[in-house]
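Student: Let's see this in three dimensions:
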Amino acid sequence: MQTTHPPLTEKQVQIPSAAAHRRAPVRVLYAFDGCTALKTLVLPNTASDIWDYAFNHCASLENLTFGFGMSEIGDVFYDTEKLANVYFYGTQEQWDNIIMWHLTGYLEEATVHIMGNQ
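Tutor: As a prediction, the model looks like this:
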């Protein structure tokens, strides 16, 4: 199902894909732990894995966007019960192949929007 990404807000962070020209993966570790005002986060397609409490205690986080470069998601969603939407820029098969470890349930409870390789 195609949906439109939510509009930009003052509480949105978009990580630029400056690393896209490099072959090195972008890893998200502890990046936003405790960032209680964050509502929307957009990661570049070069983000390859999310680990080590990256979004813990992001109590306002509602929307998360990432792309086909994602390969692993660790235990990163503690105290993120407002997470409602995950926008994945990849195919259903790519989503199904992401290794997910020790999820607290908030990612599993969110609506996942498969956006295709746009």
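Student: Please count neighbours and contacts with C-alpha atoms only from this point.
Tutor: Noted.
Student: Show me the strands in this structure, by range?
Tutor: Ranges of strands in the chain, per DSSP state E, are 12-14, 26-29, 40-42, 47-51, 63-67, 72-73, 85-89, 99-100, 111-114.
Student: Please work out the angle formed by the directions of the fourth one and strand 63-67.
Tutor: When you say that, I think you mean strand 47-51. 130 degrees (axes from the mean of the first three to the mean of the last three Cα atoms, to 10 degrees).
Student: Report the strands that pair with strand 47-51, each with its relative direction.
Tutor: Under the criterion DSSP bridges, strand 47-51 sits next to strand 26-29 (parallel), strand 72-73 (parallel) in its sheet.
Student: And the fifth one, by the same measure?
Tutor: Next to strand 63-67 in the sheet, as set by DSSP bridges, lie strand 40-42 (parallel), strand 85-89 (parallel).
Student: Which of these has the highest mean neighbour count?
Tutor: strand 85-89 (a mean of 22; mean count of other Cα atoms under 10 Å).
Student: dump the residue contacts of the closest residue to T80 other than its chain neighbours.
Tutor: Ranked by Cα to Cα, 6 or more residues apart in numbering and with sequence neighbours excluded, the top spatial neighbour of T80 is A59, at 4.8 Å. By Cα atoms under 8 Å, 6 or more residues apart in numbering, the contact list for A59 reads C35, T36, A37, D79, T80, E81, K82.
Student: PyMOL command for the buried members of these?
Tutor: This is the PyMOL syntax for the buried subset of those, where burial follows 16 or more other Cα atoms under 10 Å:
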select buried, resi 35+36+79+80+81+82
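Student: Considering the contacts of A59, which is situated nearest to F68?
Tutor: Nearest to F68 among the contacts of A59: T80, at 22.8 Å, using Cα to Cα.
Student: where along the protein do the helices fall?
Tutor: 92-96, 106-109 (DSSP state H).
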